[in-house]
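Visitor: next come a sequence and a model predicted from it.
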Amino acid sequence: MRSAFVTSQCAVLAVFFLASCSLRVSDDGDDTVGHSSTIGSGASDSGKPPSGSGSSASSSTSGGGGDPSTASVSAGSSTGAGGDDSSAASTSSSATAASSSASSSSATGGGDGCYAEAHEPSASLADLKSAYTSSGWLTSMLKVLDRRFDNGWFVVDTMKNDPWLKNELPSYYSMKTWSGMIEAIDTACHEETHGYDFDQALKTPGKHVYFHGQGQAVVVPKLDFFPRSEILAEVQAGGSVTTSYDKTYLTGSQGSYGFVFLGDELTAYINGLACVTAVVDHLDQGSSFRDGVASHLYYLETYLRVARTKHPSLYATWKADASWQKFVRLAWARGRYWYALALPSPLLGSKDGPIWARVEAASNRDEIALFTGEDPDVVACKP
């Protein structure tokens, strides 16, 4: 969906932008993917990017198994498919306690000593809402995030001069209203996570950067990852629960990319969900916010299994790398933490129950244990 994230740098590096696609949730709850061959127009049928499914700007300046050797922008979202136990129609009971710290989260973090992120869900926004003007939408968004969720504020503030944020995001949402600006927060945080990650990666050739919060950016080496299309059959085994996400991320040109970009999507989905969860009391309409996080955690588990069973040399290198260990542990902990916080609100999910049942399936959780050497619940608590 993004046409650019740092125009000047992209020009210097001869970055080529690819066609984009996006997901929206239609009135009947079905996921719909809209495609565009015109750079920068990648809106869905509804004329705006998908809430809770965000498109992605993906760029790479150095190759690495399956990832494009030249920087490229890829946008997309969908709803992934499933692959090992039955696709239960309801969220597993452990989803309610996906991260035990979530239930006790507050501005000061988890009271039980488990992983938590500082946020102020009850901070008043009344004065900002009453003074809101469409011309000052970005200033208002930053003030909202500053009060509610510091990590969201940091990434959007860092990228506030991104031409896509200032010029294109407003074309997808009705910034004339407060509710329109609130609705756009998920996409802003999702997309500017990509912008931040790839902007920082340009400064570290041969490596990628994942923004997990202030002071928690993980820098990893690009490994010879296999195309993520290889996980499609396992993801869909036993019946599909993430179909439209699969179409976007595991097939076509994106299916030819490796894990570096898939990891960036997981990070962006988590950050988007975190931002919108922090302002859910001001959200007027729902979408598939939780679905994207659940799908990409499931992709993570499946990619780990395929790497372990079919690419043992890569898996051994991946597992032995301390920075990649840090990424997997943080992504698992953060995804579960924010999913649990978002779970009580019907506005923050669409069809995530069956997807989360796949995430919680023992055979999938085992991959987190095999990779990290610890029980998945321990990793979620102490990444």
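Guide: Noted; the coordinates are in hand. Numbering: from 1, shown residues only.
Visitor: tell me the spacing between T251 and A361.
Guide: 23 Å (CB to CB, to the nearest Å). Where C-beta positions appear, they are placed from N, C-alpha and C, glycine not excepted.
Visitor: more neighbours: which of those two?
Guide: Just comparing T251 and A361: by other CB atoms under 10 Å the higher neighbour count belongs to A361, 21 against 14.
Visitor: so who does the nearest residue to M159 once chain neighbours are set aside touch?
Guide: In space, and not counting its chain neighbours, M159 is closest to E192: 4.1 Å by CB to CB, 6 or more residues apart in numbering. By CB atoms under 8 Å, 6 or more residues apart in numbering, the contact set of E192 is V155, V156, T158, M159, D162, L165.
Visitor: out of these, list just those in helices.
Guide: Counted as lying in helices by DSSP state H, out of the contacts of E192, are V155, V156, T158.
Visitor: where does pLDDT dip in the protein?
Guide: 1-111 (pLDDT under 70).
Visitor: Y210 - how many residues pack around it?
Guide: Using other CB under 10 Å: Y210 sits among 27 other residues.
Visitor: bridging residues for it?
Guide: Beta-bridge partners recorded for Y210 (DSSP bridges): V218.
Visitor: export the contacts of E192 to a markdown table and tack on distance to Y196 and neighbour count?
Guide: Formatted as a markdown table, these follow (distance: CB to CB, whole Å; neighbours: other CB atoms under 10 Å):
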| residue | distance to Y196 | neighbour count |
| --- | --- | --- |
| V155 | 5 | 27 |
| V156 | 9 | 28 |
| T158 | 6 | 16 |
| M159 | 6 | 22 |
| D162 | 9 | 25 |
| L165 | 11 | 22 |
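Visitor: quick check, nearest of those residues to I368?
Guide: When the contacts of E192 are ranked by distance to I368 (CB to CB), V155 comes first, at 25.5 Å.
Visitor: distance of that closest one from D284?
Guide: Taking CB to CB, one finds V155 at 24 Å from D284.
Visitor: one more: A184?
Guide: From A184 to D284 the distance is 12 Å (CB to CB).
Visitor: of the two, who's got more company?
Guide: A184 (25 against 11).
Visitor: and that one, what element?
Guide: helix 178-201 (DSSP states H and E).
Visitor: for that helix, what is the distance to the chain centroid?
Guide: Centre-to-centre, helix 178-201 and its host chain are 10 Å apart (CA atoms, centre = their mean, to the nearest Å).
Visitor: and for stretch 326-334?
Guide: That offset, for stretch 326-334, works out to 13 Å (CA atoms, centre = their mean).
Visitor: make 59 the first number, not 1, from now on.
Guide: With 59 as the first residue, the last one maps to stretch 384-392.
Visitor: hmm, who's touching it?
Guide: 157, 173, 175, 268, 270, 274, 276, 278, 321, 324-325, 328, 332, 355, 358, 362, 426, 429-430, 434, 437-441.
Visitor: hmm, 6 Å instead?
Guide: Residues from elsewhere that reach stretch 384-392 (CB atoms under 6 Å, 6 or more residues apart in numbering): 173, 268, 270, 276, 278, 324, 328, 426, 429-430, 437-438, 441.
Visitor: next one: stretch 332-347
Guide: Looking at what lies outside stretch 332-347 - CB under 6 Å, 6+ apart - the contacts are 83, 109-111, 177, 206-207, 210, 237, 240, 243-244, 247, 331, 396, 399-400, 403, 405-406, 408.
Visitor: buried ones in stretch 267-276?
Guide: Neighbour-count burial for stretch 267-276 flags V267, Y268, F269, H270, G271, V276 (criterion: 16 or more other CB atoms under 10 Å).
Visitor: what helix or strand does V318 sit in?
Guide: Assigned by DSSP H and E, V318 falls in helix 317-336.
Visitor: between that helix and helix 236-259, how many degrees?
Guide: Compare the direction of helix 317-336 with that of helix 236-259 by axes from the mean of the first three to the mean of the last three CA atoms, to 10 degrees and you get 150 degrees.
Visitor: got the CA coordinates for helix 317-336 in PDB?
Guide: Taking C-alpha atoms only, helix 317-336 is exported to PDB below (Å, rounded to 0.1, in the frame of the first residue of the first chain):
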ATOM      1  CA  PHE A 317      11.500 -14.800   6.700                       C
ATOM      2  CA  VAL A 318      13.100 -11.300   7.100                       C
ATOM      3  CA  PHE A 319      10.000  -9.700   5.600                       C
ATOM      4  CA  LEU A 320       7.600 -12.100   7.300                       C
ATOM      5  CA  GLY A 321       9.200 -11.200  10.600                       C
ATOM      6  CA  ASP A 322       8.700  -7.500   9.800                       C
ATOM      7  CA  GLU A 323       5.000  -8.100   9.100                       C
ATOM      8  CA  LEU A 324       4.600  -9.900  12.400                       C
ATOM      9  CA  THR A 325       6.300  -6.900  14.100                       C
ATOM     10  CA  ALA A 326       4.100  -4.400  12.300                       C
ATOM     11  CA  TYR A 327       0.900  -6.300  13.100                       C
ATOM     12  CA  ILE A 328       1.800  -6.400  16.800                       C
ATOM     13  CA  ASN A 329       2.600  -2.700  16.900                       C
ATOM     14  CA  GLY A 330      -0.600  -1.800  15.100                       C
ATOM     15  CA  LEU A 331      -2.700  -3.900  17.400                       C
ATOM     16  CA  ALA A 332      -1.000  -2.400  20.400                       C
ATOM     17  CA  CYS A 333      -1.700   1.200  19.200                       C
ATOM     18  CA  VAL A 334      -5.400   0.500  18.500                       C
ATOM     19  CA  THR A 335      -5.900  -1.400  21.700                       C
ATOM     20  CA  ALA A 336      -4.600   1.600  23.600                       C
END
